[in-house]
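Peer 1: From the sequence below, what's the structure:
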Amino acid sequence: MQSAVLRSWPDASEADPFDSMALPRSDALLDRIAANFCLAVRPLFVRSDPVADPLLIATLHDPRTGAMGLRCWDRALRESDLPLDRGRRRDHDIIRTTAILTELLAVRWPKPVRPNRIGVLTDGTGVAIAPADPCPIEPGWIDRRLADPRGLTALKRFAPDGGLAVLRVPRTASAASQ
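Peer 2: Got it, this is the predicted structure:
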């Protein structure tokens, strides 16, 4: 997956604001917030159990209600939701950086087509958004991302040996049933 930077709205298309993986300008604030987001979620990638530990985590933010969620996927693409405790510093940092990051992304859509819920995908190193399908808690979301990674726009480069790379390897019937 190529790394990309997001363009500002004045020259964005109403129909498809994220029409390319290679967007024209860098956004220093977005780059910094994406890096801080990775630092906040990195401890969730424990790696004590190579089969069951998360390979990918998606965060979701609903700016209308302030609702926040984390969903993770392991090697077998089993999904689980991770609870967040606002009183815990690590979780507070995740909540804060997710809210800032998704709010910065939300304003890149023209108001009439702005999604209500926006999420990003990370492996603890890279960050991406799926502009055409921005809500990672929708059924089949991860399957659609793995089937067509062109639907992802990278905000920060993923690790070449990270969770996205591991899951992109062609799966055999026995690997999928683990």
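Peer 1: all strands for this structure, in order.
Peer 2: Taking DSSP state E as the criterion, the chain carries its strands at 56-62, 67-73, 79-82, 118-122, 127-129, 153-156.
Peer 1: Of all the residues in the third one, which ones are buried?
Peer 2: It stands for strand 79-82. Within strand 79-82, the residues scored as buried using 16 or more other C-beta atoms under 10 Å are Glu79. C-betas here are computed from N, CA, C, even on glycine.
Peer 1: What strands line up against it, and which way round?
Peer 2: Its sheet considered, strand 79-82 pairs with strand 67-73 (antiparallel) by DSSP bridges.
Peer 1: quick one, the partner strand and strand 118-122 angle?
Peer 2: With axes from the mean of the first three to the mean of the last three C-alpha atoms, to 10 degrees defining the directions, strand 67-73 sits at 30 degrees from strand 118-122.
Peer 1: and strand 67-73, which residues are buried?
Peer 2: Of the residues in strand 67-73, 68-73 count as buried by neighbour count, 16+ other C-beta under 10 Å.
Peer 1: now Ile100: how far from Phe37?
Peer 2: The gap separating Ile100 from Phe37 is 8 Å, by C-beta to C-beta, to the nearest Å.
Peer 1: quick one, which of these two is more surrounded?
Peer 2: More crowded of Ile100 and Phe37, by other C-beta atoms under 10 Å: Phe37, with 25 against 18.
Peer 1: Can you pull the poorly scored residue ranges out of this protein?
Peer 2: 1-26, 47-51, 167-178 (pLDDT under 70).
Peer 1: now the helices for it?
Peer 2: Assigned by DSSP state H, the helices in the chain fall at 28-41, 89-106, 141-147, 163-168, 173-176.
Peer 1: quick one, what contacts the residue nearest to the spatial centre of the chain?
Peer 2: Centroid-nearest residue in the chain, with C-alpha atoms, centre = their mean: Leu121, separated by 1.7 Å. For Leu121, the contact set (C-beta atoms under 8 Å, 6 or more residues apart in numbering) comprises 56-58, 127-130, 136, 145, 152, 164.
Peer 1: who does it bridge with?
Peer 2: Beta bridges link Leu121 to Ala58, Ala128, judged by DSSP bridges.
Peer 1: check contacts around the nearest residue to Asp81 once chain neighbours are set aside.
Peer 2: Here the nearest residue to Asp81 in space, its sequence neighbours aside, is Arg71; by C-beta to C-beta, 6 or more residues apart in numbering that works out to 5.4 Å. Applying C-beta under 8 Å, 6+ apart to Arg71 gives the contacts 57-58, 60, 79-82, 136-137.
Peer 1: which one of those is nearest Arg89?
Peer 2: The closest of the contacts of Arg71 to Arg89 turns out to be Leu82 (C-beta to C-beta; 15.7 Å).
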